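Q: Below are the sequence and a predicted model; questions follow.
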Amino acid sequence: MDVDALSMFKGAPAHGEYPAEPTQFEMEMPEGHMEMEAVTIAMTAATDDSNNYHFMPHVAWVEPGQTVFWEHFSQRGVSERRTHSVTAFGSADLFMRLIPDDAHSFDSGYRAGTHGIDQDELIDERHNREMAEQIGQEGGFSHQFEEEGVYFYYCQPHHQFKMAGAVVVGELWGDGGTESVSDPSGWSPAMTADTDRIPELDPLHGEALLDQVHELREMIHSGGDMEEGGH
């Protein structure tokens with residue numbers, strides 16, 4: 001992934017394509033050596049202190065049974081590794097459920113990044129070790145999506161900056177687009193629930209999160225064909 005791929009930093013919404021192309025992973029994680037095939041979503045944080053946080057792409061379109069892996073994305077001058085979470089709407093009773101009724105919920109908890117750069121432009125390992133010890137876990141997070149449907153999720157420490165995303169599992173509406181099927185499997189509750197309650201559930205930051213949920217719904221309705229100029 002390069003700067004050109006991070007279109008949200010230029011003000012444009014970002015979408016994947018269906019089906020997303022998985023990548024073969026082999027890496028060392030805190031839990032040990034890991035090998036898997038997964039669709040990658042980057043957890044990004046702009047380096048210019050603009051509070052510009054995103055999941056990239058905002059909407060990932062995957063097939064049933066596919067694993068998605070969220071990873072901290074770091075590129076000098078673009079994105080640095082900060083602490084994030086991948087939390088399904090409805091987890092921990094924080095917001096209403098916005099994933100399919102029969103699907104398993106997911107919550108990564110706070111995942112420490114490696115934020116902190118020293119004068120030699122190297123990752124400050126001392127800072128990361130301290131954060132990891134305080135939080136108790138670090139690195140990426142994976143979840144396998146079995147049930148077709150729309151899944152909304154957000155970042156607990158950054159949802160006030162509109163850091164939320166969606167995974168769409170399966171081709172829910174066929175060749176005729178979203179209007180061709182009156183009630184596609186998995187469309188509810190993510191696309192039908194009354195999300196206007198979000199500011200009531202979080203009076204401090206709910207308005208920003210509600211705006212992002214509305215944008216995600218527009219992206220999904222568009223099938224990835226939204227014009228540039230969004231979030």
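A: Okay, I see it.
Q: what comes up buried for stretch 202-212?
A: Judged by neighbour count using 16 or more other CB atoms under 10 Å, the buried positions of stretch 202-212 are Asp202, Gly206, Ala208, Leu209, Leu210, Gln212. The C-beta positions use only the backbone N, C-alpha and C, and glycine is treated the same way.
Q: Dump those residues into CSV; add pLDDT as well.
A: Listed next are the buried residues of stretch 202-212 as CSV, based on pLDDT from 0 to 100:
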residue, pLDDT
Asp202, 94
Gly206, 95
Ala208, 95
Leu209, 96
Leu210, 97
Gln212, 95
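Q: Which members of the residues you listed are the farthest-apart pair?
A: Looking at these by CB to CB, the two members farthest from one another are Asp202 and Gln212, with 12.4 Å of separation.
Q: Find the residues that touch each one of these two.
A: Counting by CB atoms under 8 Å, 6 or more residues apart in numbering, the residues touching both Asp202 and Gln212 are His159.
Q: Low-confidence bits of this protein, can you list those?
A: Under the criterion pLDDT under 70, the flagged ranges of the chain are 1-18, 25-34, 114-139, 173-185, 224-231.
Q: helices and strands around the longest strand along it, which ones?
A: Assignment by DSSP state E gives strand 32-45 as the longest strand of the chain. When contacts are defined as 3 or more CB pairs under 8 Å, 6 or more residues apart in numbering; DSSP states H and E, strand 32-45 packs onto strand 23-29, strand 53-56, strand 59-62, strand 66-72.
Q: Tabulate the ones you listed (JSON lines), appending distance to Pro189.
A: Below are the helices and strands packed on strand 32-45 laid out as JSON lines (distance: least, CB to CB, whole Å):
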{"stretch": "strand 23-29", "distance to Pro189": "30"}
{"stretch": "strand 53-56", "distance to Pro189": "20"}
{"stretch": "strand 59-62", "distance to Pro189": "17"}
{"stretch": "strand 66-72", "distance to Pro189": "20"}
